[in-house]
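> I'll drop the sequence and a predicted model, then ask my questions.
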Amino acid sequence: MPRLRNSISMKLFAAMLAVAALIIVFVAIVLTYNMRSGFARYLAEAELVRFDRLHDRLVDTHQDSIPGWPQFKDNRRAWRSFLRTAIPRPGPPRRPRPVADGAGPAANGNAARNRRPPPRPDPMGFGSRLTLFDSQGEWVVGGNRNRPIFARRPIIDPSAGSSAEPLGWIGFTVDPRQVSGSDALFLRDQLIALMATLLLALAISAIAAYFLARQLLKPVRQLAAAGDRLSSGDYELRLDDSRSDELGALLKQFNQLAENLEKRDKIERKWISDTSHELKTPLAVLQAQIEALQDGVHKVTETRLAELHASTMRLSQLVADLNSLSNMREGHLATDTREENISEIIATRLEATLDYLTGKELAVESQLESELVIECDHLRIGQLLDNLLQNAARYTSAPGRILVSATSRDKAVEILIEDTPPCPPEEAREKMFDRFYREELSRDRRFGGSGLGLSICREIVAAHGGSIALSPSELGGLRVTITLPKRQSDNG
């Protein structure tokens, strides 16, 4: 039960029902007030129709020379006396009871006791309910000035024609709280019907809020159940995201998350498999050669030792690359950025690798603008250039050519490294930044490398807020385009 009370569906249901109840209560108050006031206005207008005699007497007593009935101005006694003569008393007239002749003092006493008191001067309270206004609408005499007037009747002289201006106004007030008799019963029936209608509306609102809350939270419950399955490793799960509202967008994001997790899981599995494979090869070579030396199959020579050393270096390089890439992808890549002339860094790395590239029968050319100052990590940029130059040397047919250029582009520096054929196909270029990916082109040479060089290059460029892309070169081979911002504050 506590879980049900604390569920989102119950909270949403309670909120929607509370809003509906507040609206219904507000409507009930407004409609009740308007109904009572409107009914009182209706009664007032109906009563005014009966005051024809009062209307005619007011016309007769009006003086054009002294308009506005000054004889009644602030004179409630004269006004009430006038009303007694202008408004007939309700009910049939009462006849006095005759007294028998010869009745003695006792009879006269009984007659005195049976004699009813004289009627009140204003039995219907018209003195306080009827108000007289002059032609300007100013109060003359009658009810409370601050009391709202529910109905007014113009006082028009019939002999003046239909276009005559009113001589004044008769106002009549009906207090909704003092409605009695059949009128009160009618009003009560209407209010009861109104309350019953509003209660029915509240019940319908509660039912609608319940089903609406369930319908709105159905995708949420699906997401909760799917989240449990996703956390248990079921990355192939997909939800129906055909909705076009915000919940549909949330379902699409969940499906995208599941798809990304599935891809990452496959990548991680492939990463483990490729890593074990890459480590197994040099270890197998080392093991075979060491066992051969132990069994006396091979003698310890400089050539054997050189092969063992090469296998050890390959294994060390692979472990170093794996460690570097792991730190980069986990956000642990340390960069010591300062203002550096990127042209000098490129020239230094080209000079350092010139003998290696020349030995591969590759000619090196450079087109560098001077004073290309950017904020970067000198060592990381050097590592980036070394990897790219070794990659170009490894996959460029001899004799060939490598062209390195650097130019200024507004707030960034663009570095191009181009080589001669062959050029990998487009589908291969899209995968070359993947870990352990190698494109084995048809050439008569030996391939090496760990397959992590371009992945490391991408992480170094990303750490500097730049971008790296591969495309065909005009030289016939591959073009590597690196864009680095001149200031780290220009990233993004």
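Sure, I can see it.

> partners of the lengthiest strand in the chain, with directions?
For the chain, the longest strand by residue count, based on DSSP state E, is strand 400-409. Strand pairing for strand 400-409, using DSSP bridges, gives strand 362-368 (parallel), strand 412-419 (antiparallel).

> pLDDT below threshold where in the stretch 51-200 of the chain?
The model of the stretch 51-200 of the chain has pLDDT under 70 over residues 88-128, 144-150, 162, 174-187.

> Which stretches in it count as helices?
52-61, 76-86, 105-114, 126-129, 181-231 (DSSP state H, counting those that start in this stretch).

> same deal with the stretch 201-350 of the chain?
Under DSSP H, counting those that start in this stretch, the stretch 201-350 of the chain gives helices at 246-295, 302-329, 342-359.

> Can you tell me the number of residues neighbouring residue 479?
By other Cβ atoms under 10 Å, the residues close to residue 479 number 17. Backbone N, C-alpha and C define where each C-beta goes, glycine included.

> list the contacts for it?
Residues in contact with residue 479 (Cβ atoms under 8 Å, 6 or more residues apart in numbering) are 416, 417, 418, 470, 471, 472, 473.

> Can you tell me the closest non-neighbouring residue to it?
With sequence-adjacent residues excluded and distances taken as Cβ to Cβ, 6 or more residues apart in numbering, residue 479 is closest to residue 473, at 3.8 Å.

> Please report phi then psi for the one you found.
The phi/psi pair for residue 473 (degrees, to the nearest 10) reads phi -100, psi 150.

> I'd like the distance between it and residue 408.
For residue 473, the distance to residue 408 equals 21 Å [Cβ to Cβ, to the nearest Å].

> Likewise for residue 251?
Taken as Cβ to Cβ, the span from residue 251 to residue 408 is 47 Å.

> Check residue 400 too.
Residue 400 is 28 Å from residue 408, by Cβ to Cβ.

> Show me which of these two is the more surrounded one.
residue 400 (21 against 15).

> Could you report the pLDDT at the more buried one?
Note on residue 400: pLDDT of 89.

> Quickly note the distance from the residue nearest the centre of the chain to residue 219.
Closest to where the C-alpha atoms of the chain average out (Cα atoms, centre = their mean) is residue 246, at 8.3 Å. Separation of residue 246 from residue 219 (Cβ to Cβ): 10 Å.

> Direction-wise, compare the longest strand of the chain with helix 342-359 and give the angle.
In terms of direction (axes from the mean of the first three to the mean of the last three Cα atoms, to 10 degrees), strand 400-409 departs from helix 342-359 by 170 degrees.

> Can you show me the CA trace of strand 400-409 as PDB?
Extracted C-alpha coordinates of strand 400-409, given in PDB (Å, rounded to 0.1, in the frame of the first residue of the first chain):
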ATOM      1  CA  GLY A 400      56.800   7.500 -53.400                       C
ATOM      2  CA  ARG A 401      56.400  11.000 -52.100                       C
ATOM      3  CA  ILE A 402      55.000  12.500 -48.900                       C
ATOM      4  CA  LEU A 403      53.900  16.100 -48.700                       C
ATOM      5  CA  VAL A 404      53.400  17.900 -45.400                       C
ATOM      6  CA  SER A 405      51.800  21.400 -45.400                       C
ATOM      7  CA  ALA A 406      50.600  23.800 -42.600                       C
ATOM      8  CA  THR A 407      48.500  26.900 -43.200                       C
ATOM      9  CA  SER A 408      46.500  29.400 -41.100                       C
ATOM     10  CA  ARG A 409      42.700  29.200 -41.200                       C
END
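
> Give the buried residues for it.
400, 401, 402, 403, 404, 406 (16 or more other Cβ atoms under 10 Å).

> you'd agree the fourth one is up against residue 362?
Which is residue 403. No: Residue 403 lies out of contact with residue 362 (Cβ atoms under 8 Å); the separation is 10.7 Å.

> Between these two, which contacts overlap?
Joint contacts of residue 403 and residue 362 (Cβ under 8 Å, 6+ apart) are residue 419.

> Quick check: phi and psi on residue 373?
According to degrees, to the nearest 10, residue 373 has phi -90, psi 130.

> starting at the chain centroid, how far to the longest strand of the chain?
49 Å (Cα atoms, centre = their mean, to the nearest Å).

> what does it contact?
342-343, 346, 350, 357, 361-369, 372, 389, 392-393, 396, 413-421, 475, 477, 483.

> For the residue nearest to residue 293 when sequence neighbours are not counted, give its distance to residue 307.
The shortest distance from residue 293 to any non-neighbouring residue, by Cβ to Cβ, 6+ apart, is to residue 300 (6.1 Å). Residue 300 sits 12 Å away from residue 307, going by Cβ to Cβ.

> and these two? which has more neighbours close in?
Remark: of residue 300 and residue 307, residue 307 carries more neighbours, 15 against 9, as counted by other Cβ under 10 Å.

> Tell me the spacing between the more buried one and residue 432.
Counting by Cβ to Cβ - residue 307 and residue 432 are separated by 30 Å.

> same check, this time on residue 71
Residue 71 is 112 Å from residue 432, by Cβ to Cβ.

> same deal with residue 487?
Taking Cβ to Cβ, one finds residue 487 at 29 Å from residue 432.

> which of those two has more neighbours?
Using other Cβ under 10 Å, the more surrounded residue of residue 487 and residue 432 is residue 432, with 20 against 14.

> isn't there a helix covering that one?
No: assigned with DSSP: H, G, I helix; E, B strand; the rest coil, residue 432 falls outside any helix and is coil.

> so who does the nearest residue to it once chain neighbours are set aside touch?
In space, residue 432 comes closest to residue 454 once its chain neighbours are excluded; the distance is 5.3 Å by Cβ to Cβ, 6+ apart. By Cβ under 8 Å, 6+ apart, the residues touching residue 454 are 387, 391, 432, 433, 437.

> Kindly report the same for residue 259.
Per Cβ under 8 Å, 6+ apart, neighbours of residue 259: residue 238.
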